[in-house]
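Novice: structure, please.
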Amino acid sequence: MSSTLDSVLDAATGDLVALSHAVHARPELAFEEHFASAATADLLAGGGFEVRRGVAGLPTAFDATYGSGELVVAVCAEYDALPEIGHACGHNIIAASAVGAGLALASVADELGLTVRVLGTPAEESGGGKVLMLDAGVFDDVSLAMMVHPGPFDIAAARSLALSDIAVRYAGREAHASAAPEWGINAGDAVTVAQVGVGLLRQHLRPGQQIHGIVGHAGTAPNIVPGSSEMFYYLRADTAEALADLDRRARGCFEAGAVATGCTHEIVTVSPTYTELTPDPWLVAEYRRVASTLGRALVPEEFESSRPFGSTDMGNVTARIPGIHPVIGLDSGGAVTHQPGFTTACITESADRAVVDGARALARVAVAAATDPQQRSRLVEGTHERTVRR
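Specialist: Numbers count the residues shown, from 1 in each chain. All right, here's what the predicted structure looks like:
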């Protein structure tokens, strides 16, 4: 079985690497990934997949399907980039590895009774494409969901944090900062007070809680009292419960900015809330075994939880469906994700190897699940139970 998967991937390597480089060369932000979505879906269509585009009402989402077996394997493709620094999170690698895994699994789908689905999931960096697709029912009949994410190290059971993505907006009143300052209500000062509060709050956060943000705008000219301002914040925590606690405390800081300055304020949810990753233990163990056979030096299990790998909407998927989100390592020259150096690293020879190794590992894990009677039964029955409950 492995030889069949390998031969398909060997034949497709050139196309997969070309896709990775093409997506990297044209970085697109959340919900604007028109080139990347089309290029990824087109390669699958060329491999015999039936492709539905614009699923869940999202123009850059797609659902590519091959086969009709009872065990439904979904491989998630991400392809959005970051502002200014492009593919510093390596989503070009994710998209290409997902296609590779899909093509490999399609070659054994009839033999193993699989339905293979590659899901194009936009807006992971901000926007929560997978959450929107979950809510729209795109994942309803999925038995297991998989993807790999690039990073400086190989991690089988990557840890992520629950995430709340918010905007805080203050409304004051403009006035001449010199001739009539007493007529102004300073929305820029509201930002300052709130940020001081957040800074003081940090020393009392629970372990695993994080808060970080930027100022979107806080005025237009020194001689005009700012009449409006806006901040963007991410709140993170180990669990959804701890995130709710942090949200409550952070809101007090944001309110303090309004109270101190006389502004009004509102807090707006920018993206759906992300939950923490809860990878399936059996799938993780199998991925660890498979990746080791590919020569991958994985981080020891005892260190996997020592540092979170940011946040991801794949957490919402694994909260409902057995799944994995391992990290596939590449030589980044010391750079970490979301640094310009990592952008450069994502089209190197090491990155190209990560594309193929990631696809190979995911495909082999899916085959292992399909051919293990106990696991296959567990996954198929779980799908039926979720469908009935829904």
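
Novice: for the helix or strand hosting Ala96, the distance to its chain's centre please.
Specialist: Assigned by DSSP states H and E, Ala96 falls within helix 91-106. Helix 91-106 sits 16 Å away from the centroid of its parent chain (Cα atoms, centre = their mean, to the nearest Å).

Novice: go on, stretch 150-165?
Specialist: 9 Å.

Novice: between the two ends of that stretch, how far is it?
Specialist: Stretch 150-165 has its terminal residues 23 Å apart, counting by Cα to Cα, to the nearest Å.

Novice: which stretches of this protein form helices?
Specialist: Assigned by DSSP state H, the helices in the chain fall at 2-25, 34-46, 91-106, 109-112, 129-135, 187-201, 240-261, 281-293, 314-320, 340-345, 349-371, 373-389.

Novice: and of those, who's closest to Glu304?
Specialist: helix 281-293 (9.2 Å; Cβ to Cβ). Heads up, the C-betas are built off the backbone N, CA and C, glycines and all.

Novice: for the closest one, packing partners?
Specialist: strand 323-324, helix 349-371 (3 or more Cβ pairs under 8 Å, 6 or more residues apart in numbering; DSSP states H and E).

Novice: between helix 2-25 and it, find me the angle.
Specialist: Angle of helix 281-293 versus helix 2-25, following axes from the mean of the first three to the mean of the last three Cα atoms, to 10 degrees, is 90 degrees.

Novice: what distance do you get for Ala38 to Arg248?
Specialist: For Ala38, the distance to Arg248 (Cβ to Cβ, to the nearest Å) stands at 43 Å.

Novice: between those two, which one's more packed in?
Specialist: Ala38 (15 against 9; other Cβ atoms under 10 Å).

Novice: excluding its backbone neighbours, what's nearest that one?
Specialist: Spatial nearest neighbour of Ala38, chain neighbours left out: Arg53 (8.0 Å); criterion: Cβ to Cβ, 6 or more residues apart in numbering.

Novice: not counting sequence-adjacent ones, nearest residue to Leu134?
Specialist: Asn316 (5.9 Å).

Novice: before we move on, what about Pro207?
Specialist: Pro207 sits nearest to Asp238 (Cβ to Cβ, 6+ apart), 7.8 Å away.

Novice: and that neighbour, how many neighbours?
Specialist: Neighbours of Asp238 (other Cβ under 10 Å): 19.

Novice: and it, what does it touch?
Specialist: Residues in contact with Asp238, defined by Cβ atoms under 8 Å, 6 or more residues apart in numbering, are Leu161, Ala162, Pro207, Gly208, Gln209, Glu276, Pro308.

Novice: let's have the helices of the chain in a markdown table, adding mean pLDDT.
Specialist: Listed next are the helices of the chain as a markdown table, based on pLDDT from 0 to 100:
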| stretch | mean pLDDT |
| --- | --- |
| helix 2-25 | 96 |
| helix 34-46 | 98 |
| helix 91-106 | 98 |
| helix 109-112 | 97 |
| helix 129-135 | 98 |
| helix 187-201 | 98 |
| helix 240-261 | 97 |
| helix 281-293 | 97 |
| helix 314-320 | 97 |
| helix 340-345 | 98 |
| helix 349-371 | 98 |
| helix 373-389 | 88 |
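
Novice: most tightly surrounded among those?
Specialist: Burial of the helices of the chain is given as mean neighbour count (mean count of other Cβ atoms under 10 Å); helix 91-106 ranks first at a mean of 30.

Novice: got the CA positions of that helix in PDB?
Specialist: Extracted in PDB, the C-alpha atoms of helix 91-106 (Å, rounded to 0.1, in the frame of the first residue of the first chain):
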ATOM      1  CA  HIS A  91       0.500  28.100   4.300                       C
ATOM      2  CA  ASN A  92       1.800  27.500   0.800                       C
ATOM      3  CA  ILE A  93       3.300  24.300   2.100                       C
ATOM      4  CA  ILE A  94       0.000  23.400   3.800                       C
ATOM      5  CA  ALA A  95      -1.900  23.700   0.600                       C
ATOM      6  CA  ALA A  96       0.500  21.700  -1.400                       C
ATOM      7  CA  SER A  97       0.900  18.900   1.100                       C
ATOM      8  CA  ALA A  98      -2.900  18.700   1.400                       C
ATOM      9  CA  VAL A  99      -3.200  18.200  -2.400                       C
ATOM     10  CA  GLY A 100      -0.400  15.600  -2.300                       C
ATOM     11  CA  ALA A 101      -2.100  13.600   0.500                       C
ATOM     12  CA  GLY A 102      -5.400  13.800  -1.400                       C
ATOM     13  CA  LEU A 103      -4.000  12.600  -4.600                       C
ATOM     14  CA  ALA A 104      -2.200   9.700  -2.900                       C
ATOM     15  CA  LEU A 105      -5.300   8.600  -1.000                       C
ATOM     16  CA  ALA A 106      -7.400   8.800  -4.100                       C
END
